[in-house]
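*Asks:* This is a predicted model, with the sequence first.
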Amino acid sequence: MQIKEVRAFVVRGGGADYHDQTEAHWIDDHICTPMSKYEEYKQSRKSFGINVLGTLVVEIEATDGTVGFAVTTGGEIGAFIVEKHLARFVEGADVTDIEKIWDQMFNSTLYYGRKGVVLNAISGVDLALWDLLGKVRNEPVHKMIGGAVRDELKFYATGARPDLAKEMGFIGGKLPLQWGPADGDEGLKKNIETLAHMRSKVGDDFWLMFDCWMSLDLNYSIKLAKAASEYGLKWIEEALPPDDYWGYAELRENIPDGMMVSTGEHEATRWGFRMLFDKNCCDLIQPDVGWCGGLTELLKISALADAHNKLVVPHGSSVYSYHFVFTRQNSPFAEFLMMAPNADKVVPMFNPLLLDEPVPLNGKMNISALDKPGFGVRLNPECELSRPYIH
Ligand SMILES: C[C@H](O)[C@H](O)CC(=O)C(=O)O
Ligand SMILES: [Mg+2]
């Protein structure tokens with residue numbers, strides 16, 4: 001069966017661009033970023049434009065009218081790339097031509113792509129192709145990539161309230177780091193106080209992690225890790241800018257015993273991750289399925305990680321991550337991003353954009369929650385999509 005048409009849409013307010021929240025939200029409130037050194041961009045991440053892109057929706061229709069779709073971050077720029085450049089490699093191809101289409105999309109954009117929003121757009125097309133193929137074959141995606149290796153998946157929660165996440169059944173809580181190098185020793189002390197406070201609330205066995213969102217320098221990262229080890233920090237995440245492979249290698253060499261270094265959320269393709277493995281930058285990689293090159297590329301990244309004895313725990317990405325994680329032995333648990341503004345209840349990660357989006361129940365998900373063709377989700381017809389470019 002062939003592909004008839006590719007369409008790209010943009011939608012605002014939550015969805016795959018989960019930073020694009022309209023109301024006051026823990027995810028925007030005084031979280032340390034690479035822009036926090038500027039006083040005027042310290043309090044809110046939206047102030048420097050974290051939500052500037054919005055969500056990209058890619059739809060791919062086969063000649064029999066079956067439609068596969070996917071959502072990622074990419075907004076109008078992503079829509080332009082899909083409609084004006086990538087669509088030519090998809091339309092007219094067979095629905096099974098996923099590997100060839102990926103190769104053509106990547107190689108034709110090499111001169112301006114390789115990472116960032118171009119890879120988000122490629123990921124969106126790739127995920128929509130997997131969704132389409134699953135629908136055509138009447139099979140869930142996890143069955144097309146090797147099948148589940150476990151019946152139940154455990155989740156940790158990312159958000160401002162690990163104590164509430166524990167009550168909701170999660171195995172751990174990842175806190176956004178609030179203070180960075182520009183806040184000096186005083187800020188470092190406040191970070192550790194937050195961790196100590198949470199540890200006192202959740203007890204010794206619950207995992208606690210810090211997400212540093214690319215904001216620190218090497219010296220600060222090592223100081224933070226050493227101070228946090230007293231409170232059993234399980235891993236320190238994305239401490240440094242993604243391009244500082246050398247810094248990550250040094251951080252890992254100096255990390256306290258028992259603590260892991262994680263990164264990769266803003267890394268893309270097998271070549272980007274190869275740098276992380278070659279330099280032994282981390283213990284755990286966190287590719288985002290919607291940003292790293294899609295599922296086709298994630299399967300390669302994951303095989304490479306396996307050969308280097310690294311864990312693969314994808315960043316967020318909802319169903320696109322769940323279908324993958326169930327199928328891999330070196331992905332023993334998954335992330336759930338708490339999208340409730342106060343992190344006090346479980347809300348689907350891409351809310352309100354998808355219908356039938358599964359969520360962990362009591363911190364766990366059974367494979368039966370993914371037992372639908374493709375990725376098993378539908379677009380919410382109440383969300384207003386716009387199509388800025390038509391090829
Ligand atoms: C909380 C983090 O700053 C970011 O918004 C999400 C993230 O990096 C993660 O879930 O990991
Ligand atoms: Mg992160």
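*Replies:* Arrived safely, thanks for sending. Ligands and ions are numbered 1, 2, ... in the order given.
*Asks:* List the residues that contact the residue in the stretch 251-391 of the chain that ligand 2 sits nearest to.
*Replies:* Of all residues in the stretch 251-391 of the chain, residue 265 sits closest to ligand 2, at 4.6 Å by CB to the ion. From N, CA and C alone the C-beta is placed, and that goes for glycine too. The neighbourhood of residue 265, defined by CB atoms under 8 Å, 6 or more residues apart in numbering, consists of 237-238, 286-288, 291, 315.
*Asks:* what's the closest non-adjacent residue to it?
*Replies:* Nearest residue to residue 265 in three dimensions, chain neighbours excluded: residue 315, at 4.2 Å (CB to CB, 6 or more residues apart in numbering).
*Asks:* Make sure that neighbour is indeed in a strand.
*Replies:* No - according to DSSP: H, G, I helix; E, B strand; the rest coil, residue 315 belongs to no strand; its state is coil.
*Asks:* contacting residues around it?
*Replies:* 264-265, 286-288, 291, 321, 335.
*Asks:* Now, these that are in helices?
*Replies:* Judged by DSSP state H, the contacts of residue 315 include residue 321 as members of helices.
*Asks:* could the contacts of residue 315 go into TSV alongside distance to residue 191 and pLDDT?
*Replies:* Shown next, in TSV, are the contacts of residue 315 (distance: CB to CB, whole Å; pLDDT from 0 to 100):
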residue	distance to residue 191	pLDDT
264	22	98
265	20	98
286	20	98
287	26	98
288	25	98
291	27	98
321	28	98
335	21	98
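*Asks:* And the contacts of residue 315, which two are furthest apart?
*Replies:* 291 and 335 (13.9 Å; CB to CB).
*Asks:* What segments of the chain are strands?
*Replies:* 3-11, 55-62, 67-73, 152-158, 172-176, 207-211, 233-237, 260-263, 284-285, 311-312, 334-337, 354-355, 364-366, 378-379 (DSSP state E).
*Asks:* what's the angle from the second one to strand 67-73?
*Replies:* Put plainly, it is strand 55-62. 160 degrees (axes from the mean of the first three to the mean of the last three CA atoms, to 10 degrees).
*Asks:* tell me what strand 55-62 is packed against?
*Replies:* Counting contacts by 3 or more CB pairs under 8 Å, 6 or more residues apart in numbering; DSSP states H and E, strand 55-62 packs against strand 3-11, strand 67-73, helix 75-81, helix 116-137.
*Asks:* Kindly reformat these as CSV and extend each row with distance to residue 56 and mean neighbour count.
*Replies:* Output for the helices and strands packed on strand 55-62, formatted as CSV (distance: least, CB to CB, whole Å; neighbours: other CB atoms under 10 Å):
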stretch, distance to residue 56, mean neighbour count
strand 3-11, 6, 22
strand 67-73, 5, 26
helix 75-81, 4, 23
helix 116-137, 5, 25
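*Asks:* Can you add mean pLDDT and distance to residue 170 and give these back as JSON lines?
*Replies:* As requested, the helices and strands packed on strand 55-62 are exported to JSON lines (pLDDT from 0 to 100; distance: least, CB to CB, whole Å):
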{"stretch": "strand 3-11", "mean pLDDT": "98", "distance to residue 170": "28"}
{"stretch": "strand 67-73", "mean pLDDT": "98", "distance to residue 170": "24"}
{"stretch": "helix 75-81", "mean pLDDT": "98", "distance to residue 170": "31"}
{"stretch": "helix 116-137", "mean pLDDT": "99", "distance to residue 170": "26"}
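*Asks:* before we move on, the earlier item: would you list the strands of the chain in CSV and tack on distance to residue 136?
*Replies:* Shown next, in CSV, are the strands of the chain (distance: least, CB to CB, whole Å):
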stretch, distance to residue 136
strand 3-11, 10
strand 55-62, 6
strand 67-73, 8
strand 152-158, 26
strand 172-176, 37
strand 207-211, 38
strand 233-237, 38
strand 260-263, 36
strand 284-285, 31
strand 311-312, 28
strand 334-337, 27
strand 354-355, 20
strand 364-366, 25
strand 378-379, 16
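*Asks:* Would you tell me which of the ones you listed gets closest to residue 326?
*Replies:* So among the strands of the chain, strand 152-158 is nearest, using CB to CB, at 6.0 Å.
*Asks:* Give the buried residues for the closest one.
*Replies:* The neighbour-count check on strand 152-158 (16 or more other CB atoms under 10 Å) flags 153-158 as buried.
*Asks:* what do you get for stretch 190-208?
*Replies:* Buried, per 16+ other CB under 10 Å, within stretch 190-208: 191-192, 194-195, 198-199, 202, 206-208.
*Asks:* can you check stretch 163-182 too?
*Replies:* 163-166, 168, 170-181.
*Asks:* I'd say residue 141 and residue 371 touch.
*Replies:* No - assessed by CB atoms under 8 Å, residue 141 is found out of contact with residue 371, at 11.2 Å.
*Asks:* okay, these two: which has more neighbours?
*Replies:* More crowded of residue 141 and residue 371, by other CB atoms under 10 Å: residue 141, with 26 against 12.
*Asks:* near ligand 1, which residues of this protein?
*Replies:* Within reach of ligand 1 by CB under 6 Å from any ligand atom, the chain has these residues: 27, 31, 158, 176, 211, 213, 265, 315-316, 335, 337.
*Asks:* Looking at those residues, point me to the pair that's furthest apart.
*Replies:* So, the residues of the chain next to ligand 1 by CB to CB: farthest apart are 31 and 335, at 16.4 Å.
*Asks:* give me the number of residues near residue 321?
*Replies:* 27.
*Asks:* From residue 382, how far off is the closest residue to it other than its chain neighbours?
*Replies:* Of all residues not flanking residue 321 in the chain, residue 314 sits nearest, at 4.0 Å (CB to CB, 6+ apart). According to CB to CB, to the nearest Å, residue 314 stands 28 Å off from residue 382.
*Asks:* same thing with residue 212?
*Replies:* Residue 212 is 36 Å from residue 382, by CB to CB.
*Asks:* Same drill for those two, tell me which one is more crowded.
*Replies:* Neighbour comparison, residue 212 and residue 382: the larger count goes to residue 212, with 24 against 8 (by other CB under 10 Å).
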